[in-house]
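Could you work out the structure for the sequence below:
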Amino acid sequence: MNPAQLIFLLIVFIVVCALGWLGVALFAPLALRARLGRFLGPPGREGEAAFAAGGWVERLASVARPLTRLSIPEEGWEKSTLRTRFMNAGWRHPSAPTLYFASKTGLALLVPALLAPVLYLHGGALGGGELLAVLLLGVAFGYYAPNAALARIVARRRREIFETIPDALDLLTVCVEAGLSLERAMVKVAGEIHIKSLVLSQELQLVLMEMRAGFTKEKALRNFALRSGVEDVDTLVAMLVQSERFGTSVGDSLRVHADNLRYKRRVMAEERAAKIGLKLLFPLIFCIFPTLMMVLLGPAAIQISRTLGALPGAR
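You can find the predicted model right below:
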C-alpha cells in the first residue's frame with residue numbers, strides 16, 4: 001500500500017470519526033433535557049415547540065463551540081461592523097456568532113476533506129504543487145462562504161425593508177392625521193404591515209418594545225435605523241426626530257418622505273430596466289447567435305460540401 005492510499009484512508013477515518021462525534025454530541029443530551037422538562041412542568045404546545053427549537057440551536061451551538069475558537073477574533077469583534085451586520089441580517093439569537101464562526105472553521109476543514117478523495121481518484125494528472133493549490137482554494141472557499149451568505153441575507157433584508165417602507169409610511173400618515181399619536185400609529189402599522197413584510201413588522205414591534213422598556217423615542221428610532229441598515233430609514237428617523245423636537249407637522253413630513261422614497265424606488269426600477277439590454281447582449285452573442293447561425297448556415301454548408309465533393313476532379 002503506497003503512502004497516497006494511507007493518506008486517503010486516514011482522511012476517511014477522520015471524517016467518519018468527526019461525523020460520529022457530532023451525532024453523539026447532538027443527541028446525547030436528549031434524556032437530560034426530557035428530565036428537565038418534566039421537572040419544570042408540562043408546557044403547552046407552543047411552549048414545547050419553542051423549547052424544542054431553542055434546545056436544538058443550543059445543542060448545536062454547544063457542539064460547535066470548540067470550532068469557534070479557531071476562527072473567532074480574539075477581542076473587539078463585538079463592537080465591529082460584523083456585529084452590526086448580524087443585526088442587519090436579523091440574527092438576534094445569542095448563539096448566532098458561535099454558529100457563524102464555527103461554520104467558517106467547519107467548512108474550511110470539510111471542503112478540503114471532500115476534495116481530497118475526488119482529487120485522489122480523478123486528479124492523477126495533477127502534480128503535488130497543483131494538488132496543494134486546489135486544496136488551499138477549497139480551504140479559502142469554505143472559510144469565506146459564510147461571509148458571502150451573510151452579505152446575501154443582509155442585502156435581501158435591506159431590499160425588503162426599502163421596498164416596504166413607503167407603504168408603511170402611508171399607513172403611518174393616515175393614522176397620524178386621524179388623530180393618533182406616533183406611538184399608537186406605529187402599533188397600528190406594525191399590526192397591519194406584516195401582511196406584506198414580516199421583517200418590517202418585527203422591527204417596528206422591537207421599536208415599541210424598547211419604548212415600553214424605558215428607552216426614549218429618539219434612542220429607539222435610532223436603534224431601528226441601525227438594525228435595518230437602510231440609508232432611507234436613517235433619513236426617516238432623523239426627520240421624525242427633528243419633527244418631534246421642533247414641533248412641526250409629522251403627517252406632512254411623513255407624506256413628503258414617502259413620496260421621495262416612492263420616487264427613488266421608481267427611478268431604481270427604471271435604471272434596472274435600462275440595463276436589461278446590455279445584460280442580454282452577452283447571452284445573445286455567446287449562446288443564441290452561434291446556435292442560430294448553425295441552424296441557418298448548417299444545411300447550406302452541408303449542401304455546398306456535397307456539391308463540391310460530387311464535382312469531377314474533386315477526388
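
Other residues contacting stretch 266-277?
By Cβ atoms under 8 Å, 6 or more residues apart in numbering, the list of residues contacting stretch 266-277 from outside is empty. To be clear about C-beta, it is placed using only N, CA and C from the backbone, and glycine gets the same treatment.

how about the CA coordinates for that stretch, as CSV?
Backbone C-alpha positions of stretch 266-277 (Å, rounded to 0.1, in the frame of the first residue of the first chain) are rendered in CSV as follows:
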residue,chain,number,x,y,z
ARG,A,266,-39.3,54.1,-9.3
VAL,A,267,-36.0,55.5,-10.5
MET,A,268,-34.2,52.4,-9.4
ALA,A,269,-36.7,50.2,-11.3
GLU,A,270,-36.2,52.3,-14.4
GLU,A,271,-32.5,52.0,-14.1
ARG,A,272,-32.7,48.2,-13.8
ALA,A,273,-35.0,48.1,-16.8
ALA,A,274,-32.5,50.2,-18.8
LYS,A,275,-29.7,47.7,-18.0
ILE,A,276,-31.7,44.7,-19.4
GLY,A,277,-30.5,45.4,-23.0
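
how close does Ala151 get to Leu114?
24 Å (Cβ to Cβ, to the nearest Å).

roughly how far out does the top helix by length along the chain sit from the chain middle?
Looking across the chain with DSSP state H, the single longest helix is helix 128-177. Here helix 128-177 is found 4 Å from its chain centre; the criterion is Cα atoms, centre = their mean, to the nearest Å.

One more: stretch 230-243?
Distance, centroid of stretch 230-243 to centroid of chain: 25 Å (Cα atoms, centre = their mean).

Only the buried residues of it, if you could.
Val230, Asp232, Val233, Asp234, Leu236, Val237, Met239, Leu240, Ser243 (16 or more other Cβ atoms under 10 Å).

Report the two of those separated the most.
Pairwise distances across the buried residues of stretch 230-243 (Cβ to Cβ) peak at 19.3 Å, for the pair Val230 and Ser243.

Just list the residues touching Val111, thanks.
With Cβ under 8 Å, 6+ apart, Val111 has these contacts: Gly138, Val139, Phe141, Gly142.

which of these are buried?
Gly138, Val139, Gly142.

what would the residues you listed look like in TSV with distance to Thr307 and pLDDT?
Shown next, in TSV, are the buried ones among the contacts of Val111 (distance: Cβ to Cβ, whole Å; pLDDT from 0 to 100):
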residue	distance to Thr307	pLDDT
Gly138	55	85
Val139	59	85
Gly142	59	85
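
For Ser95, state which of those is nearest.
Among those, and counting by Cβ to Cβ, the member closest to Ser95 is Gly142, at 20.6 Å.

measure the closest one to Ala96 for me?
Gly142 is 19 Å from Ala96, by Cβ to Cβ.

the helices in the chain, which residues?
Ranges of helices within the chain are 3-27, 30-40, 45-68, 81-89, 96-122, 128-177, 182-192, 198-212, 217-228, 231-246, 250-274, 276-283, 289-310, based on DSSP H.

what's the burial count for Ala190?
For Ala190, the count of nearby residues is 20 (other Cβ atoms under 10 Å).

So for it, what's the pLDDT?
For Ala190, the model assigns a pLDDT of 87.

thinking again about what came up before, worst average pLDDT in the helices of the chain?
When I compare those, helix 30-40 is least confident, with a mean of 52.

I figured Lys217 hits Leu208, correct?
No: the criterion here is Cβ atoms under 8 Å, and Lys217 misses it with Leu208 at 10.5 Å.
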